[in-house]
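1. Here's my sequence, what's the structure:
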Amino acid sequence: MPFLVGLCSVCFFRLKRNQNGKGEYRKNKWMHSWTSWVPSFSSTIITLDTIELPSNIGFVCGSLFLSLTTIPLPVGAILCRKRPINLLYSLLLLPIPLWFKDMSGKENGMPGDPEWLELKIPQLLFTDRVQELHAIIEKEWDCLQRSACQTAAGRALWKHVIHDQVADLLAGEKYLRNLHEKIKTDRLNNAREVSGVIIAVRTLWFDSKIQAALDSSSGGEAQVVLLGAGMDTRAYRLSCLKDSDVFEVDFPEVLRVKTTLLQAAIESTEHFRMKAKSLIRVAADVRETDWPEKLQLSGFLPEKKTVWVLEGILYYLSHSNAMQVLKIIADKCAVTQTVLLADFMNKPSTTLADSIFHFYSDWPDHMLPSLGFSHVRLSQIGDPDADFGLMNDQLNLFNKLRRLPRSMQTNPDDGTPCRRLYLVEASGSPNQEIP
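-> This next block holds a predicted model:
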């Protein structure tokens, strides 16, 4: 299509230059031949004789479209043979298709390969054992527990940036197909925000912050606790955990199904092995008050440096439950070096139709110091440390929100709520100075 439009542009402006004093057009030999097999375009061109543009500009426009299809230089030379300067314009514009090819799909973070649109379901998902487990998920798990499968589907379908061998197995066919259809629709519509991109950026942000915390001075032997671990696979994905004891805390039924699915993967997937020093699963409900005790009984050492990972969990809790969890972790700052990695929603994000979100904080970077953390850093999707090459389009929703004051609850451009996700890193230690 760009070739036809470009050729039309060149031909029209050649017609304009060949107009005689009587307002008639004369076609040269090659021009007549072309219009004979594209009559609809040639007739459209003839009706545009009211447009007045310098012929050089016309050739630039036509050459631009032609260059997008990487027409060989000889064609450009034929079209521009009477005006050498126009051939120079074409030469200058020829790199454009390479730029477009490079940018294809990059602004919204997706690969440009059309084959990516094909969904490939692993055969392991069709085995009786695995299908029985996913049937249990559909029949017995509530929406909070099933959100773990949705997150796994996001990791699976953004595999070009997140390397998770078993994410599709943990997600299940239903959630893979649901998200794939959304992504396919977004791609075909050239959407600026493709479904699942938040999960991808959030996952990569947590991965990078965990590694940074463990790479810090004397941090390699720290404990890592994942509250509401769900279908998290970092103990199998991240090499930085090789010296760390990892604790996964979640509902007993979630951990039971997850353990069985991972065992199936270990038995059938080559080179799929745990990378953490150790992995301990702790069956507990973080909405109750006894989870710290259960964690300690499982081998957690309160006096040892700990990285606490709260990914996609706080906003599902009530305000009192969420604040209770944060206070328990903040109190650890008085005992040992403590790092908190968590994501927060602002108030407008919890007002979505049929929302199951409860807890929010518009200013978590102000709230956490009041609990006992001394250093807090907040990022938004699209910030330098929360981009990962997936937010190149400056007109997407997340980059637009970043340019608005955080105190603004409604977007002045379209009146929509300013729904934000905050990625927060906080830390504290004994004898710290709290600002």
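
2. Show me what secondary structure element comes after the helix or strand containing A213.
-> Element membership of A213, judged by DSSP states H and E, is helix 197-215. Downstream of helix 197-215, the first helix or strand assigned by DSSP H and E is strand 223-227.

3. Quickly list the domain ranges of this protein.
-> Residue ranges for each domain of the chain read 2-103, 114-188, 198-428, as given by automatic domain parsing.

4. Using TSV, lay out the ones you listed together with mean neighbour count.
-> Every C-beta, even on glycine, is put in place using the N, C-alpha and C of the backbone. Below are those laid out as TSV (neighbours: other CB atoms under 10 Å):
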stretch	mean neighbour count
domain 2-103	15
domain 114-188	17
domain 198-428	18
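
5. would you turn those domains into TSV with mean pLDDT?
-> Listed next are those as TSV, based on pLDDT from 0 to 100:
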stretch	mean pLDDT
domain 2-103	39
domain 114-188	93
domain 198-428	94
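
6. show me where the stretch 251-400 of the chain has strands.
-> 278-283, 306-310, 338-345, 375-380 (DSSP state E, counting those that start in this stretch).

7. Would you reformat those strands as a markdown table and include distance to A156?
-> What follows is those, written out as a markdown table (distance: least, CB to CB, whole Å):
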| stretch | distance to A156 |
| --- | --- |
| strand 278-283 | 21 |
| strand 306-310 | 20 |
| strand 338-345 | 20 |
| strand 375-380 | 25 |
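
8. of these, which approaches I183 most closely?
-> strand 338-345 (21.4 Å; CB to CB).

9. Ok, which of the strands of the stretch 251-400 of the chain comes nearest L421?
-> Nearest of the strands of the stretch 251-400 of the chain (CB to CB): strand 338-345, 5.9 Å.

10. Given the closest one, what are its sheet partners and their directions?
-> When pairs are called by DSSP bridges, strand 338-345 turns out to pair with strand 306-310 (parallel), strand 421-428 (antiparallel).

11. Arrange these in TSV, one row each, with distance to V325 as further columns.
-> Below are those laid out as TSV (distance: least, CB to CB, whole Å):
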stretch	distance to V325
strand 306-310	7
strand 421-428	13
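
12. circling back: do you know which of the strands of the stretch 251-400 of the chain lies nearest N189?
-> strand 375-380 (24.8 Å).

13. just to revisit the earlier point, among the strands paired with strand 338-345, which is nearest E253?
-> Within those, the stretch nearest E253 is strand 306-310; the backing value is 20.4 Å (CB to CB).

14. Give me the contact list for that closest one.
-> 206, 210, 213-214, 222-228, 234, 300, 325, 329, 332, 336-343 (CB atoms under 8 Å, 6 or more residues apart in numbering).

15. Please identify the helix or strand for A229.
-> Applying DSSP H and E, one finds A229 in no helix or strand.

16. before we move on, the earlier item: of all the strands of the stretch 251-400 of the chain, which lies closest to Q145?
-> Taking CB to CB, strand 278-283 is the member of those nearest to Q145, at 13.0 Å.

17. got the angle between that closest one and strand 223-227?
-> Here the directions of strand 278-283 and strand 223-227 differ by 30 degrees (axes from the mean of the first three to the mean of the last three CA atoms, to 10 degrees).

18. one step back: do you know which of the strands of the stretch 251-400 of the chain lies nearest D186?
-> Closest among those, using CB to CB: strand 375-380, at 21.0 Å.

19. Note down every partner strand of the closest one and its orientation.
-> Partners of strand 375-380 in the sheet, by DSSP bridges, are strand 421-428 (antiparallel).

20. Dump the partner strand to CSV, restricted to CA.
-> Presented in CSV, the C-alpha positions along strand 421-428 are these (Å, rounded to 0.1, in the frame of the first residue of the first chain):
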residue,chain,number,x,y,z
LEU,A,421,0.9,2.1,39.8
TYR,A,422,3.8,3.0,42.0
LEU,A,423,6.9,0.8,42.3
VAL,A,424,8.5,1.5,45.7
GLU,A,425,11.8,0.5,47.2
ALA,A,426,12.3,1.2,50.9
SER,A,427,14.9,0.2,53.4
GLY,A,428,16.0,0.6,57.0
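
21. Kindly check the end-to-end length of stretch 363-381 for me.
-> With CA to CA, to the nearest Å applied, stretch 363-381 spans 16 Å between its terminal residues.

22. With stretch 363-377 instead?
-> 11 Å.

23. returning to that earlier point: I'd like to know which elements the helix holding A213 is packed against.
-> Under the contact criterion of 3 or more CB pairs under 8 Å, 6 or more residues apart in numbering; DSSP states H and E, helix 197-215 touches helix 143-157, helix 234-237, strand 306-310, strand 338-345, strand 421-428.
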